[in-house]
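[1] sequence plus the predicted model coming up.
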Amino acid sequence: MSVIREVARYGAAALLVLSLAGCSGGASSPVAPIASQPVPGGASPAGAVDYGAGILAGATFVKRAQLKLVGLDVVVAMRDLPGLFAYAKESNDPKSPLFRHWLTPQELGDRFGATPGDYANALKYFLGSGIAVKTYPQRQILRIAGSQANVERALGVEFGFFRKSGQTFLAPVAAPRPPAALRIAALGNAVGFRTKSRRLVTLRAATSFVEGYSAQQLANVFDYTGAYAAGFKGDGITIGIIGTGAIADGDARVGGGDVAEYRALFGLHGSGTVVQDVDVANVSPGNTTFGNGNEFSGGLATPPPVTSPTASGCVSQGYAPGDPIEEIGDYTTCNPEDIEAQLDTEQTSALAPDATVNFYIAYNPMECNGTCGASGSFPPIAELGLLESDDETQQAIADNKSDVISMSFGEDEATSEATPNPGGYFGPGTNNFGPMEYAALASEGTALFASSGDNGAEACADGGIGNPDQPCVSYPATDPSVTSVGGVNAPLDDSGRLTGPITGWGTQTQFPGQVPGGSGGGCSTFFSEPSYASGAGLPCGGKRSQPDAALDADTNTGVAVVTDSAPSLGGRAIFTVGGTSVSSPEMAAMWALVLQACKLSAPCTAHGSGATPYRLGNPGTYLYKVYLSQTQYPATFYDVLFGNNALPGSSGSLDPGFAAGKGYDQVTGIGVPFARSLITSVLADVP
């Protein structure tokens, strides 16, 4: 059975992205660059705002864009961005008087966000320019969308098409220059080059039999069952999933969900439900008609119902099962499941069976490039899930519902930082879009988990800016507000008992012919070692190390995932899935059990604040405290001693990686936690 690796890349949540197919097969006639074309990767001129120009390094200018509509995120200058980072750190530091004093979205906006005057001025300016605008109470960004002419005029920018690494994408041809009085700091994700990827490796299985571990096997080996026996199944806790694609669960239009089918297949029980969080409110009307009246919705909308991957609409668009869903132009007729979303919801629902799973899914309907229907025009493009993950994260901050969040995606840190010109996802400039989002969530007390990646020590092999053969780590797993989850090989029998040692996931656990994969790990080049890891003797010389911990992820010890359960979707399919997309939701589910235990403990909640005193904030605070305890660590974690995350390089030979070993290592972090013992250790001395 062959291995199929998901290679979808991130299409900027902010800007419209064109695939090669959307550009008439890439056969466009060469067009001379316009006079304002920058040298890709060059520094922004004085007065310009950050927009990620570094990502354009090595790109070739194709032609000036002629679009129907452009949408992007505008970062309005925050009154105290350093203060936000400091608060995220202090509120998660047991030695600080601010420890576990969580803020509301409104408090985040009032303390650190754009001033009400600056935010209102920017809103008024864009509305007056005929541009639709969405606002948030934390006042970090404005989401805008409008005609190309209006957006270009408002931001002092021109858009063009560029080509790089097989992608044709939209980007500014020179640094945007909006009016200085607007106090715009950056354009978040303004370059449409797709860099974020899902973190899963799939094996297709037949519809009549099951491959991959069941939830019961994992619950037994990692002692979720011990937590269940003690009364902790996640009741009263909400796990958030930053959605990558469509799900049928919670959608009455489809008539059946995968989580219910998964539970029935394995005989699982629980009171938890899956809720789709679709934010369609608070979008001004803007200009909604450009010719035939239906090219632009005016903002985010309810996603179309899930379809079969073989639906006629998918066939007519050239989509085949397994293709990246980002290449779909019209989700109204083709909206297949992406396996990742099903994996995330099924694992969290199964391992924390009484928790609520809040699935954040954003959908931006048909945005038309060119003149819709005109000869030679580009087809309409919609954006959903992973393409809109920043809108989903902003909504998670704004509604403040989720106690734990799992993120099974990422991009290499070199591309995120977008050096030498800042303004990618984070950097030394004024953008820092990702860090401000995760610092906001950490200041609300939300626990964040992210997959460490599936390319071992070389996250840059995913594509982007970095050298694919150099040591490289993945963001957001390296963010100091996020707990990075790596992967192991866990050999189990049918009852969930180990049949051998747990080892780090890497080439040594792969069968011949499999696509190589390994637990992401290494040293950040940008972020410093968090204070909670001080004294742990981590190997990165003061820089952030990853991963922090690990759970099952190896394809050869992967889990079963159910898709297309509704009869209208063509019949249930079962996949075996590996990758750190497995370990991140597993860890989020385990932490939900820890939070329920805190919620039921008066001493634990006594140290919290506000409406969510049971939230513990950044899990790293507690994981490394356990690690530094000579008694708690061996009772709580399996110290993985064997395995290496070295993978073949571009030449085919094995590049250097990292080896698992005693104590912390850059394959499995501090090791593999056991749920019941983790609850005991965390609650034993919660400050």
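    Received, thanks.

[2] list the buried residues in stretch 498-506.
    Within stretch 498-506, the residues scored as buried using 16 or more other Cβ atoms under 10 Å are 502-506. For the C-beta atoms, the positions are set from N, CA and C on the backbone; glycine is no exception.

[3] could you pull out the helices in the stretch 401-550 of the chain for me?
    413-417, 433-443 (DSSP state H, counting those that start in this stretch).

[4] of all those helices, which lies closest to V274?
    Closest to V274 of those, according to Cβ to Cβ: helix 433-443, at 20.6 Å.

[5] other SSEs contacting that closest one?
    Packed against helix 433-443, as judged by 3 or more Cβ pairs under 8 Å, 6 or more residues apart in numbering; DSSP states H and E, are the following elements: helix 81-90, helix 105-111, helix 389-399, strand 447-451.

[6] looking at these, which is nearest to S609?
    From these, taking Cβ to Cβ, the stretch that ends up closest is helix 105-111, at 11.2 Å.

[7] got the buried residues for the closest one?
    So helix 105-111, judged by 16+ other Cβ under 10 Å, has buried residues 105, 107-111.

[8] and these, which is closest to I361?
    P105 (19.6 Å).

[9] want to throw the buried residues of helix 105-111 into a markdown table with pLDDT and distance to L142?
    Output for the buried residues of helix 105-111, formatted as a markdown table (pLDDT from 0 to 100; distance: Cβ to Cβ, whole Å):
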| residue | pLDDT | distance to L142 |
| --- | --- | --- |
| P105 | 97 | 15 |
| E107 | 98 | 20 |
| L108 | 98 | 16 |
| G109 | 97 | 13 |
| D110 | 97 | 17 |
| R111 | 97 | 19 |
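
[10] mind putting the residues you listed into CSV with distance to G657?
    Below are these laid out as CSV (distance: Cβ to Cβ, whole Å):
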residue, distance to G657
P105, 41
E107, 44
L108, 39
G109, 43
D110, 46
R111, 43
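
[11] show me which of these is closest to Q276.
    Once Cβ to Cβ is applied, the member of the buried residues of helix 105-111 that ends up nearest Q276 is P105, at 20.2 Å.

[12] verify the stated contact: the closest one with P137.
    Yes - at 4.3 Å, P105 counts as touching P137 under the criterion of Cβ atoms under 8 Å.

[13] longest helix of the chain?
    The longest helix of the chain (DSSP state H) is helix 580-599.

[14] right, and the helix or strand after the lowest-mean-pLDDT helix or strand in the chain?
    Here the helix or strand of the chain ranked lowest by mean pLDDT, DSSP states H and E is strand 4-5, holding a mean of 26. Note on strand 4-5: by DSSP states H and E, the next helix or strand toward the C-terminus is strand 60-64.

[15] ok, so of the buried residues of stretch 498-506, who is nearest G579?
    W505 (8.8 Å).

[16] need the contact list for the closest one.
    Residues near W505 by Cβ atoms under 8 Å, 6 or more residues apart in numbering: 486-489, 517-519, 553-554, 578, 643, 645, 667.

[17] pLDDT score for it?
    In this model, W505 is scored at 95, pLDDT.

[18] can I get the helices of the stretch 401-550 of the chain in JSON lines with distance to R153?
    Shown next, in JSON lines, are these (distance: least, Cβ to Cβ, whole Å):
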{"stretch": "helix 413-417", "distance to R153": "30"}
{"stretch": "helix 433-443", "distance to R153": "24"}
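
[19] which of those helices sits closest to G496?
    Each of those has some distance to G496 by Cβ to Cβ; the shortest is helix 433-443, at 32.8 Å.

[20] what's the angle from that closest one to strand 447-451?
    Taking axes from the mean of the first three to the mean of the last three Cα atoms, to 10 degrees, one finds helix 433-443 and strand 447-451 inclined to each other by 140 degrees.

[21] residues in contact with helix 433-443?
    Contacts of helix 433-443 (Cβ under 8 Å, 6+ apart): 73, 75, 78, 81, 84-85, 87-88, 91-92, 102-103, 105, 108, 138, 140-141, 186, 188-189, 390, 393-394, 396-397, 405, 416, 425-426, 448, 475-476, 479, 481-482, 617-618.
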